[in-house]
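K.L.:
sequence first, predicted model second:
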Amino acid sequence: MKKINKIIIWVLGLIIAIFISCGITIALYGKKIIVSQIERNLKTKVSLGDISLSLPFTINLTDLELGNLLKADRISVSPSILSLFTGKIILSGLTIINPTISLEHSPDGSLNLPKLELKGKQPPILLTGLVIENGKLVFIDKKISSEGYKIIVDKINVHINKVMFPPTSKNIKFDISVCLIHPNGAKLGDVSTLGWIDFGPKDMDANLEIKDLDITYFAPYYG
């Protein structure tokens, strides 16, 4: 029994030591490394307020700006340490707080999305959980009109989680709700969906609710 207790204490001590050393490294060099990596791979200007590490092992980015594309109060990601030894990157949780995304559709049909430039073979990235709280999307379509036809999706709340047991499960639960806003501030309607989808047997069950939607605003897309 004493031997087991010593092993437990040793393992806990090792975990605490790793966490502290990672926290110090991130505090000293993390911000500079992340900003330079994003700017190099996305070819866009990046601004980052702060970076920190919290338990159990979550990396927090605050006041992140990616050019004119994205602003977010906080982005938290929880990578699985054990997955790194398998050649994969598994993110057990990605949380985005108060993001604002600005998309522009040009007359030639292209979007103002940066092109990801990665050299060499990259390890696969798997995401098992996604949370978006109070998000906003501003879509300006200059293909519809030269001055830009604007669609605003506000109050974006997303909760997506993969069923963890059994580990081989491909069942995903989701809860998504958004509010559509007119450029003058008037409400166009609400859309929400709740349910699950299983990519194993290719089965799903979900409820879709559309409330008080003013579809006349989207008339330019009717063809």
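P.N.:
Structure's in. What do you need?
K.L.:
show me where pLDDT drops low in the protein?
P.N.:
1-30, 81-87, 117-123, 167, 223 (pLDDT under 70).
K.L.:
alpha carbons of stretch 127-138, as PDB, please.
P.N.:
Taking C-alpha atoms only, stretch 127-138 is exported to PDB below (Å, rounded to 0.1, in the frame of the first residue of the first chain):
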ATOM      1  CA  LEU A 127     -11.700  18.000 -32.600                       C
ATOM      2  CA  THR A 128     -14.000  16.300 -30.100                       C
ATOM      3  CA  GLY A 129     -15.700  19.400 -28.700                       C
ATOM      4  CA  LEU A 130     -16.600  22.900 -29.800                       C
ATOM      5  CA  VAL A 131     -18.300  25.700 -27.900                       C
ATOM      6  CA  ILE A 132     -19.000  29.200 -29.300                       C
ATOM      7  CA  GLU A 133     -20.600  31.700 -27.100                       C
ATOM      8  CA  ASN A 134     -22.300  35.000 -28.300                       C
ATOM      9  CA  GLY A 135     -20.700  34.900 -31.700                       C
ATOM     10  CA  LYS A 136     -21.400  37.300 -34.600                       C
ATOM     11  CA  LEU A 137     -20.900  36.900 -38.300                       C
ATOM     12  CA  VAL A 138     -21.000  39.800 -40.800                       C
END
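K.L.:
in it, what counts as buried?
P.N.:
128-133, 135-136, 138 (16 or more other CB atoms under 10 Å). No exception for glycine: its C-beta is placed from N, CA and C like everyone else's.
K.L.:
so who does Leu130 touch?
P.N.:
93-95, 158-161 (CB atoms under 8 Å, 6 or more residues apart in numbering).
K.L.:
in three-state terms, label it for me.
P.N.:
State at Leu130, reduced to three classes by DSSP: H, G, I helix; E, B strand; the rest coil: strand.
K.L.:
begin at 100 from now on, thanks
P.N.:
Sure, I'll start counting at 100 from here, so that last one is Leu229.
K.L.:
and it, what are its bridge partners?
P.N.:
With DSSP bridges applied, Leu229 shows beta-bridge pairing to Leu193, Ile259.
K.L.:
any idea how far Lys261 is from it?
P.N.:
10 Å (CB to CB, to the nearest Å).
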